[in-house]
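Student: Quick one: sequence plus predicted model below, questions after.
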Amino acid sequence: MLPYAPMSVTGARQRLCSDLRAMEIGDERVDDASLIISELVSNALRHASPLPEPEDTVGVSWRVRVDHRSPSGGWVEIAVRDGGSSTMPRVARPSVSGLGGRGLGIVQSLAGQWGTEMDATTTTVWAVLDIGVDDLHPGRLSALDRRCADTVADAAPDEVVAVRMRVRESAPAWGALL
């Protein structure tokens, strides 16, 4: 949850980029994800109300799947949730001299998929950015990271695998295997 304020665009972008770089995703895909999240958060702030609870916030989330051994590479799903507006988010057709209206067009051109989910009090706009195997930097993985990746990949479907995470002392850490 981020404040319903312009500074949240920068905060969301910086956090996402940091996470993607830590996962060894290449700069071009990080830049694309950065542009997508910036457009989605900006649109929520410009065209929608804040979330009803917690008050004066916008919800921002992302999920990432990276497989260094798969030809497809993976994907990043970015979602922004707000308090909705009187119209449904849609790609606009601005004039050449128009100052705005290009945000979802940019998202549509970068993302493999995007869409909108609405309920009585919220709207979520999401986009999925494909990550090709060429967008990954497996050569930069440490020996420990390669052993962890191999251990997880070779595990049985119901097997529990402990993965050592390298984080600064007292820094929050979380992870999920999909």
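Tutor: Looks like it arrived, so ask away. Numbering: from 1, shown residues only.
Student: buried set for whatever helix or strand N43 lives in?
Tutor: N43 belongs to helix 27-47 when assigned by DSSP states H and E. Using 16 or more other C-beta atoms under 10 Å as the test for burial, helix 27-47 gives 29-30, 32-45. Using the backbone N, CA and C atoms, a C-beta is placed for each residue, glycine as well.
Student: Looking at these, which is nearest V133?
Tutor: Set against V133, the nearest of those by C-beta to C-beta is R29 (11.4 Å).
Student: if you average pLDDT over the helix holding N43, what comes out?
Tutor: In this model, helix 27-47 has a mean pLDDT of 95.
Student: go on, stretch 121-133?
Tutor: In this model, stretch 121-133 has a mean pLDDT of 93.
Student: Show me the strands in this protein, by range?
Tutor: Listed in chain order, the strands found in the chain under DSSP state E are 2-3, 57-66, 74-82, 113-118, 123-131.
Student: Now do the longest one against strand 123-131, angle only.
Tutor: Computed by axes from the mean of the first three to the mean of the last three C-alpha atoms, to 10 degrees, the angle separating strand 57-66 from strand 123-131 equals 20 degrees.
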